[in-house]
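**Student:** Would you be able to build a 3D model of this:
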Amino acid sequence: MLGGWRSGVVMVMVAGVSGATPAWMDPSDPPDVRAKALLAEMTFDEKVQMLHGPIAPMPCCECHNASGIIDKACAYTGNIAPNSRLGIPPVNMNDGPQGFREAIFPGTTTAWPSGLTVASSWDVNVMGQWGDGMGKEFFAKGANVQLGPGVCLARVPRNGRNFEYLSGEDPFLGYVLVQPVIKGIQSHNVVANAKHYVQNNQETDRSAISELVDERTRFEMYYPVFEGAVKAGVGSMMCSYNKINGVWSCENPTTLGDLKNSLGFKGYVMSDWGATHSTSIHAGLDVEMPSAKFMGPAGINSTLQAKGATLADIDDSVTRILTAMFQVGVIDTFAKDPMAYDVSKHSKNVTTIAAAELARTLSAQSTVLLKNDDALLPIAHGKRIAIIGLADTDNALTHAGGSGQVTPSFIATPLSSFKAAYHGGVVTYCNGSDVALCAAHAGAADVAIVFAGTLSSEGSDRKSLSLDDGIAVNNQNELITRVAAAQTNTAVVLSVPGAILCPWAPAVKAILTNFMPGQQAGNAITDVLLGLVNPSAKLPLTFPNVENETEFTPEQWPGLPDAPLPSPKTNPRQLCEKLTQQGFAEGFVQGPTTNDPPPSCNYANYTERLLVGYRYYDHHKIAFTTGFPFGHGLSYTQFAYSELTASKTAVSFTLKNTGDRAGAEVAQLYLGFPASAEEPPRQLKGFSKVLLAAGASMQITIPLTPREMSIWDVGSHGWQVVNGEFTAWVGSSSRDTRLTGTFTV
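**Tutor:** Numbers count the residues shown, from 1 in each chain. As a prediction, the model looks like this:
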C-alpha cells in the first residue's frame, strides 16, 4: 500500500532534486497552481488513491482494538491514505456539524450548540466564533476535514436533522450565516465540508427517496446556502443519499454540474457514507466514502476501459482535492510538522476552559425570547422559584442524535446552574413525573420555570411537532397547562430540535427556546433568565399553530410511490424497482446505520415550489395564535424604527433603543416583488444586528445588489433582474414590520 500507511509514523518525503524545494511548495503561488504542479508528479496509482477510503477488507472508520490501539487506516470517520513520497498527509475526516464526535475517546471535545441554535443568533460574529471554536478542536484531534457544517433548508418541519442545519427555513439567511462558519473552521488548517448537497430535506426513506424539484426552485430556495459556502471558499461538499428527479445525488450530472459550473465550486465532492452507487467520477463525484467499492482501482480501471470516464476526469478530481488542501494550509502545515495530522492526537483531551466559556456565550446569544408578558423576565433575586421538568442531571436536554451528536466533557444542567447563580431566595425542584405535585410546587412559588423539550435524530423524521413525542416523557403539554393554572407567573424554556407546537402559549407569561443548546445549556439559560445576557436572538424558522399547517400532502412529504418523473418516457416505478433491486444485489442501497429502514421507491414532489416556511404563511395570510413567526424574538429592552429611505441600491433607516438597558436588535429587510415575477409576498433580503446602549440610536444602511431583485430564469438558465415597483418592509420579524417604502427598478 502506498505511503507507508501501516507504519508507526508517516515519514514526510518529497520528490525532486535533492535539497531543492518542489515547485508545489511555493506558498506565493495560488492553491490551484500548486495543486496542478503536484498533480504533474503523481503516478496514476497515486491519483486513484486520493479518490476513496480504505480498500476492503480493511474496516472503514473509527476502528480500535480491545486494548484501545487505533488502526491508522481507519482512525477517523473517513480516511484517505497519505502519500509519503510526495508529502501528502492522510486525509482525516471526522464528524460532525456541531463539534468533533469522538467515538473512541468520548468526552474529550466540546459539545457546542447545534447549527440551528447558533443560526438563531442571526449574528455573523457568533457564527464565526462557532466555526473557529470547532476548527480549533478538529485540528487538535489530528483531523483535517470537518464533516460540517450542515446547511440544508428546513423544508419539512418534522425533518429529524433540522437541528443540524444553519439555514433555518430561509435561503438568504443560510447564504449569509454559512460564510463566517466556513472561514472560522478553515482558519485552523481544517477543510470544511458543507452538507448535504442537495435536496436532503427529509430522513424518511432517505436512502431511496427521489426529490422532484424544478430548476427555478432549486436555484432560488435550495442552492443559495451552498453558494454562500462557495463564496467563503469551502474546500469540500458532501452529496446526499437521496435522488433528485430520479437520479442519485452523488451521480447526478445536473445538480453536480450546477454546483461546479453555475455556483463556481472549485473544491471536491465526497459522498455521504454509503451513498456512492457507481463509479460516477464523470458525473461530478470526486471521492467515495467510506470505502473503495466503486472509486477504487478496480472500479476506476473498469470505467476507463468502458470509456465511462477519462484520465482528465481523474485529474480534475485530484486537482480539486489538492487545491482544497493547499488553500487551507493542510500540506504546508504537514511539511512543517509531520505529526500535525497524526493519529496519536486522537486521544488528546482538547476541550478547554476557554472553549466551555465560548460554548456558554454562544448558547446564551442564541436563546430566543418568544414571549415576555408583564416583563416577567429577567427574574429578580430573592424570590421563591419553582423549577420544573427537564432540568436535572438525568433528564436535561442538550443535543440530539446521529452523526451530529457529541459526547460532552461535562453538562451544566439548568437546575444546578440556576441554584448556583440565584441569591437570597428559595429554589425548589419537581421533575415533572407527578403533574399534581409539580403544580403544587408552582402554586407555592413566586415564579415557576418549566423546562420542556424533545429530541430527534438522524435516520428518521419526527412523529409530530408535539412536546409529547420524541422522548420517553409524554406528559409535558399537560404539565405546562397544569402549572400555568396554578401559577400565573410561569415561564417555559423549550429545548427542541426544530419547530414545536405551543398550545398552552396564551396561558403562560414567558417562553424561551434554546433549541439544542450544547453542554453549557444550564449556565447559558441562567444567564438569560437572570438578565446577565439580554436576549437578542430570532427564530430562523416558523413555530406553527397546529400540525401540518402548511398542508403538505403525502405526495409532498413523505412521498408517494407513483409520482411522475419529469420525463414521460420513464416509468418511475419500474426505474425505482430496478435501481433498488440492483442496489440490494450489490449491497449499496443502505444508510450509515443498521437502523435505517429498507429503501422504498417513493418520490417527494416539491409542488409548493417557493412557498416554504413563512412564505407559505404570508401567501395564505395565516395568523399566529399559539405559534410564532419567522424572525420573531424579543428583548428586555425596546426598539423604535423611523426615517426609512429605499432605493434599488440600499435601504436606510434609524433604529433607536427606547428602553432602559443596552440591547441588540436584528433589523430585518423584506422585499416584495412586482406581481409579474410570481414570487412569494415577501422575502428576507437583508438584516443587520446592532447593539445599542439605552437611549442610543443609529442610522442603519442595508445595501442591495441586483441579485436581491432577481429571479432564476429557466429559459436563459441564469439570474434575471425583475423590472417594476418593489416594496421594502423593515422591522423586527417577518410579521412585525415597522416601516414600509417602495422603489422602482
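**Student:** lowest average confidence, helix or strand, in the protein?
**Tutor:** Ranked by mean pLDDT, DSSP states H and E, the weakest helix or strand in the chain is helix 572-586, scoring a mean of 44.
**Student:** next helix or strand past that helix?
**Tutor:** strand 603-605 (DSSP states H and E).
**Student:** and the one helix or strand residue 728 maps to, how far from the chain's centre?
**Tutor:** Assigned by DSSP H and E, residue 728 belongs to strand 725-731. In terms of CA atoms, centre = their mean, to the nearest Å, the centre of strand 725-731 is found 29 Å from the chain centre.
**Student:** From residue 54, how far out is residue 302?
**Tutor:** 19 Å (CB to CB, to the nearest Å). (Glycine included, C-beta is placed from N, CA and C.)
**Student:** Quick check on those two: which one has the bigger neighbour count.
**Tutor:** Remark: of residue 302 and residue 54, residue 54 carries more neighbours, 23 against 13, as counted by other CB atoms under 10 Å.
**Student:** quick one: secondary structure of the more buried one?
**Tutor:** Following DSSP: H, G, I helix; E, B strand; the rest coil, residue 54 is assigned to coil.
**Student:** Correct me if wrong: residue 223 contacts residue 198.
**Tutor:** Yes. Assessed by CB atoms under 8 Å, residue 223 is found in contact with residue 198 at 7.0 Å.
**Student:** Pick out whichever of those two has more residues nearby.
**Tutor:** Using other CB under 10 Å, the more surrounded residue of residue 223 and residue 198 is residue 198, with 27 against 24.
**Student:** if I pick the more buried one, what's in contact with it?
**Tutor:** 218, 222-223, 226, 239-240, 244, 249, 255, 259 (CB atoms under 8 Å, 6 or more residues apart in numbering).
**Student:** Can I get those in a markdown table including secondary structure and pLDDT?
**Tutor:** Listed next are these as a markdown table, based on DSSP: H, G, I helix; E, B strand; the rest coil; pLDDT from 0 to 100:
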| residue | secondary structure | pLDDT |
| --- | --- | --- |
| 218 | helix | 97 |
| 222 | helix | 98 |
| 223 | coil | 98 |
| 226 | helix | 98 |
| 239 | strand | 98 |
| 240 | coil | 97 |
| 244 | strand | 94 |
| 249 | helix | 96 |
| 255 | helix | 97 |
| 259 | helix | 98 |
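**Student:** Now list the buried members of those.
**Tutor:** Taking 16 or more other CB atoms under 10 Å as the criterion, what is buried in the contacts of residue 198 is 218, 222-223, 226, 239-240, 244, 249, 255, 259.
**Student:** I'd like those laid out as JSON lines, including distance to residue 468.
**Tutor:** Below are those laid out as JSON lines (distance: CB to CB, whole Å):
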{"residue": "218", "distance to residue 468": "36"}
{"residue": "222", "distance to residue 468": "32"}
{"residue": "223", "distance to residue 468": "36"}
{"residue": "226", "distance to residue 468": "36"}
{"residue": "239", "distance to residue 468": "36"}
{"residue": "240", "distance to residue 468": "31"}
{"residue": "244", "distance to residue 468": "35"}
{"residue": "249", "distance to residue 468": "34"}
{"residue": "255", "distance to residue 468": "38"}
{"residue": "259", "distance to residue 468": "40"}
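**Student:** Kindly indicate which of these lies nearest residue 364.
**Tutor:** residue 226 (29.6 Å; CB to CB).
**Student:** isn't the closest one right next to residue 153, touching?
**Tutor:** No. Using CB under 8 Å, residue 226 and residue 153 do not qualify as a contacting pair, with a distance of 10.3 Å.
**Student:** picking up where we left off before, now, which of the contacts of residue 198 sits nearest residue 539?
**Tutor:** Comparing the contacts of residue 198 against residue 539 with CB to CB picks out residue 222 as the nearest, at 20.3 Å.
**Student:** how much space is there between that closest one and residue 211?
**Tutor:** Here the criterion is CB to CB. By it, residue 222 lies 9 Å from residue 211.
**Student:** Mutual contacts of the two, please.
**Tutor:** With CB under 8 Å, 6+ apart as the test, residue 222 and residue 211 both reach 199, 201.
**Student:** The strand holding residue 728 pairs with which strands, and in what direction?
**Tutor:** strand 663-672 (antiparallel), strand 737-744 (antiparallel) (DSSP bridges).
**Student:** and which of the buried ones among the contacts of residue 198 is nearest to residue 622?
**Tutor:** Among those, and counting by CB to CB, the member closest to residue 622 is residue 222, at 23.1 Å.
**Student:** I'd like the distance between that closest one and residue 171.
**Tutor:** Distance from residue 222 to residue 171, by CB to CB: 7 Å.
**Student:** can you check residue 201 too?
**Tutor:** Relative to residue 171, residue 201 is positioned 13 Å away (CB to CB).
**Student:** which neighbours do these two share?
**Tutor:** The contact sets of residue 201 and residue 171 overlap at 153, 222 (CB under 8 Å, 6+ apart).
**Student:** Phi and psi next, for residue 500.
**Tutor:** Backbone torsions for residue 500, taken as degrees, to the nearest 10, come to phi -150, psi 150.
**Student:** hang on, it packs against residue 494?
**Tutor:** Yes. Contact criterion CB under 8 Å: residue 500 and residue 494 qualify, at 5.9 Å.
**Student:** Which neighbours do those two have in common?
**Tutor:** Joint contacts of residue 500 and residue 494 (CB under 8 Å, 6+ apart) are 467, 513.
**Student:** Return stretch 214-223 as CSV; C-alpha atoms alone will do.
**Tutor:** Only the C-alpha atoms of stretch 214-223 are listed here, as CSV (Å, rounded to 0.1, in the frame of the first residue of the first chain):
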residue,chain,number,x,y,z
ASP,A,214,-37.9,22.2,-10.7
GLU,A,215,-34.9,24.2,-11.8
ARG,A,216,-36.1,27.6,-10.5
THR,A,217,-37.0,26.2,-7.1
ARG,A,218,-33.5,24.6,-6.8
PHE,A,219,-31.7,27.8,-7.6
GLU,A,220,-33.9,30.2,-5.6
MET,A,221,-34.5,28.1,-2.5
TYR,A,222,-32.0,25.3,-2.1
TYR,A,223,-28.8,26.3,-3.8
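**Student:** And the strands in the stretch 201-350 of the chain?
**Tutor:** Using DSSP state E, counting those that start in this stretch, the strands of the stretch 201-350 of the chain run over 210-212, 236-239, 243-244, 247-248, 268-271.
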